[in-house]
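[1] I would like the atomic coordinates for the input below:
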Amino acid sequence: MKLTYLGHAAALLESAKETFILDPFLTGNPKASIKADQVKATYVLITHGHGDHVGDAVSISKRTGAPIITTFELGNWLAAQGAKTVPMNHGGWAKFPFGRVKFTFAIHSSSTTEDGGRPLYLGDPAGVVLETEGKTIYHAGDTALFSDMRLIAEDTPLDLALLPIGDYYTMGPKDASRAVEFLQPKNVVPIHYGTFPVIDSDPQEFAKLAQGKGAKVHVLRPGGTLDF
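    Reported below is the predicted structural model:
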């Protein structure tokens, strides 16, 4: 299985049969390694409703026919824009031809801004666990550290975890290293840092803090890949 880090929190996961894009913020992303119209995907997964995670999901879905798998309120909002969606909710597994998906708890928020500056609530934020072709991947979305990450690891061993380290809006390097302890993944890729000055955390600091905690840390530049 191959992961390509696309910058910010966006990632492309390629299995033998499917291509998944997660949190596809590409247009307007100064770190994006690919343009939205270059994406070939069979499924789109989104953790929450902020623009730097929803990104180009609707245009990608419409162009490729890839369904968007996401949380309930967000899924309905995207469907109203003409996208094909699978609106789920937290806690339960959903089966798909490729395997299964589960949305987990996350400590953050989830909204967009309507005309006039009014916030539009888009349901609770989430992390997402994807099982396919014998591999299990956890994208934490935007979250603070929470001790129940241990329950995610107890439910299913993780081959790969994508963890935000940017601080300010999410976990920083220290808390993300604690998340590695709780989750016990085989591999970790830090995300959601360096895109804007306010989240300019050092991924090497995270890698150092996570040493000896049972996971291989892979610091990828946008466009960098990991085979696992």
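[2] Could you list which residues are in contact with H48?
    When contacts are counted by C-beta atoms under 8 Å, 6 or more residues apart in numbering, H48 touches 71, 74, 106, 108-110, 122-126, 141-142. Heads up, the C-betas are built off the backbone N, CA and C, glycines and all.
[3] Type out the ChimeraX command that picks the buried ones from those.
    Here is the ChimeraX command that selects only those of the contacts of H48 that count as buried (16 or more other C-beta atoms under 10 Å):
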select :71,74,106,108,110,122,123,124,125,126,141,142
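[4] Out of the contacts of H48, which sit inside strands?
    T71 (DSSP state E).
[5] Can you point out the buried residues in the biggest helix by length in the chain?
    Identified as the longest helix of the chain according to DSSP state H is helix 173-183. Judged by neighbour count (16+ other C-beta under 10 Å), helix 173-183 contains these buried residues: P173, D175, A176, S177, R178, A179, V180, F182, L183.
[6] could you dump the contacts of H48 to a markdown table with pLDDT and distance to G99?
    Shown next, in a markdown table, are these (pLDDT from 0 to 100; distance: C-beta to C-beta, whole Å):
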| residue | pLDDT | distance to G99 |
| --- | --- | --- |
| T71 | 98 | 19 |
| L74 | 98 | 22 |
| A106 | 98 | 21 |
| H108 | 98 | 26 |
| S109 | 98 | 29 |
| S110 | 98 | 25 |
| L122 | 98 | 26 |
| G123 | 97 | 24 |
| D124 | 98 | 24 |
| P125 | 98 | 23 |
| A126 | 98 | 18 |
| G141 | 98 | 19 |
| D142 | 98 | 24 |
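[7] Which single one of the contacts of H48 is nearest to I152?
    In terms of C-beta to C-beta, no member of the contacts of H48 lies closer to I152 than A106, at 10.7 Å.
[8] show me what contacts the closest residue to the closest one other than its chain neighbours?
    Among residues not flanking A106 along the chain, T143 sits closest, at 3.9 Å (C-beta to C-beta, 6 or more residues apart in numbering). Shown in contact with T143 (C-beta under 8 Å, 6+ apart): A106, I107, H108, P125, G127, P164, T170, M171.
[9] 10 Å instead?
    47-48, 104-108, 125-127, 149, 163-164, 169-171, 175-176, 179, 192 (C-beta atoms under 10 Å, 6 or more residues apart in numbering).
[10] again with T225
    Under the criterion of C-beta under 10 Å, 6+ apart, the neighbours of T225 are K2, L3, T4, Y5, L12, E14, H218.
[11] Which of those are buried, as a ChimeraX select command?
    This is the ChimeraX syntax for the buried subset of those, where burial follows 16+ other C-beta under 10 Å:
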select :3,4,5,12,14,218
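[12] What confidence value was assigned to the closest residue to V217 other than its chain neighbours?
    Distances taken as C-beta to C-beta, 6+ apart place A207 nearest to V217, at 4.4 Å, with adjacent residues excluded. Looking at A207, its pLDDT is 98.
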